[in-house]
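Enquirer: fold the following.
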Amino acid sequence: MTRATRTAVAGVSAPLGAMVTADGVNFSVFSKHATGIDLLLFDHADDLAPARVTRLDPVANHTYHYWHVFVPGLKAGQIYAYRVHGPFEPSKGYRFDSSKVLLDPYGRAVVVPTRYNRAAAQDKGDNAATAMKSVVVDTTSYDWEGDRPLHRSSSQTIVYEMHVRGFTRHPTSGLPEATRGTYAGVIEKIPYLQELGITAVELLPVFQFDVLAAPAGHVNYWGYQPVSFFAPHQAYSSRQDPLGPVDEFRDMVKALHNAGIEVILDVVFNHTAEVGDDGPTICFRGFEDKAYYILEGPNGRHADYTGCGNTLNANHPVVRRLIVDSLRYWVQ
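Expert: Residues are numbered from 1 along each chain as shown. All right, here's what the predicted structure looks like:
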């Protein structure tokens, strides 16, 4: 819910993402060639339009290639997104579209509206009612109760590769319907994992991914179509409040560690669910296409070295930093 009561101020450019303080939240994003950025605040995931829009001043809210703003009164759990203004010139690597609602590249959680529509992020027109949105997360508030990585020698490690949903989704898992296919379901099956004698679980992708990045009539099961490198997949949580998936994922990691089981993540950093030139504008391409993706030829086409429509541009320092920041965040 939008709780801001005072006027937004300039804010600071670092750190990237949404940073919670005692007085409010600082937002910062990278875009070198944007001409303007709007911060959108929503009260609920299914809202048809934002409750509040803050236009960032290109002078006061802009430092080098970073756009930033501080909104007093906001708290963790606030749902937000961006609109980015700028030229649409694909041959120059610009695919700005201010009609599209964008996830924060550094967003720590994501909400998915019941009307989520991937095609609306690709077609012309406003998609505020059907777009995924980011959630403000206070990364310091969770009580890890002294939890630390186990650091077991690889020679003593027995790995169980696991799809979080597939592991307990079937009724034969013996779990109640509410926790089947969820992080909480994994917690309930820890005694079973211990009986197997394994010492680590390797989770197939748990970054937030686009379930509609699949052939018509199907859903994406495996999760290799990420849209947010810092947010746990929302649909794998039995809790569907904005902060629920983050806390439930943390609960799972803590419980596994307490049982002597390490957690390894299968991560995807070579492409995203925005696919090729005509793909949906969900996040990265809407902020700075030529920075986040490798583009080729006079028409600025997306290089497809991955076979998935695009290739993340790890040659760019901003993208390299995003990858390293993501890895560090999940470990810490």
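
Enquirer: can you give me the helices in the chain?
Expert: Counting by DSSP state H, the segments of the chain that form helices are 164-168, 183-188, 190-196, 244-258, 284-292, 317-331.

Enquirer: how near is the spatially closest residue to R301 that is not a sequence neighbour to D289?
Expert: By the measure of Cβ to Cβ, 6 or more residues apart in numbering, the closest residue to R301 outside its immediate chain neighbours is D277, 5.6 Å from it. For the C-beta atoms, the positions are set from N, CA and C on the backbone; glycine is no exception. To D289, D277 is 10 Å away according to Cβ to Cβ, to the nearest Å.

Enquirer: now for those two: what residues contact both?
Expert: P90 (Cβ atoms under 8 Å, 6 or more residues apart in numbering).

Enquirer: please identify which of these two sits among more neighbours.
Expert: D289 (26 against 17; other Cβ atoms under 10 Å).

Enquirer: which residues does the residue nearest to the more buried one when sequence neighbours are not counted contact?
Expert: Closest residue to D289 apart from its sequence neighbours, by Cβ to Cβ, 6+ apart: R95 at 4.4 Å. Shown in contact with R95 (Cβ under 8 Å, 6+ apart): F88, T281, R285, G286, D289.

Enquirer: and R95, how far from Q225?
Expert: 19 Å.

Enquirer: what does G286 give?
Expert: Applying Cβ to Cβ to G286 and Q225 gives a distance of 17 Å.

Enquirer: these two - which one has more neighbours?
Expert: G286 (28 against 23).

Enquirer: let me know the pLDDT of the more buried one.
Expert: Note on G286: pLDDT of 97.

Enquirer: before we move on, back to that, so what's the residue nearest to D289 bridging to?
Expert: F88 (DSSP bridges).

Enquirer: give me the neighbour count for the closest residue to P87 other than its chain neighbours.
Expert: Residue nearest to P87 in three dimensions, not counting chain neighbours: Y94, with 4.6 Å by Cβ to Cβ, 6+ apart. Residues lying near Y94 (other Cβ under 10 Å) number 17.

Enquirer: one more: T21?
Expert: Neighbour tally, T21, other Cβ under 10 Å: 11.

Enquirer: which phi and psi does it have?
Expert: phi -120, psi 180 (degrees, to the nearest 10).

Enquirer: gap between it and V136?
Expert: Distance of T21 to V136, computed by Cβ to Cβ: 11 Å.

Enquirer: cool, and Y106?
Expert: Taken as Cβ to Cβ, the span from Y106 to V136 is 11 Å.

Enquirer: can you pull the contacts of the residue nearest the centre of the chain?
Expert: With distances taken as Cα atoms, centre = their mean, the chain has S228 as the residue nearest its mean C-alpha position (2.5 Å). By Cβ under 8 Å, 6+ apart, the residues touching S228 are L103, P105, G107, V110, S134, F207, Q208, C283.

Enquirer: and if you look at K254?
Expert: Taking Cβ under 8 Å, 6+ apart, one finds W144, E145, D147 in contact with K254.
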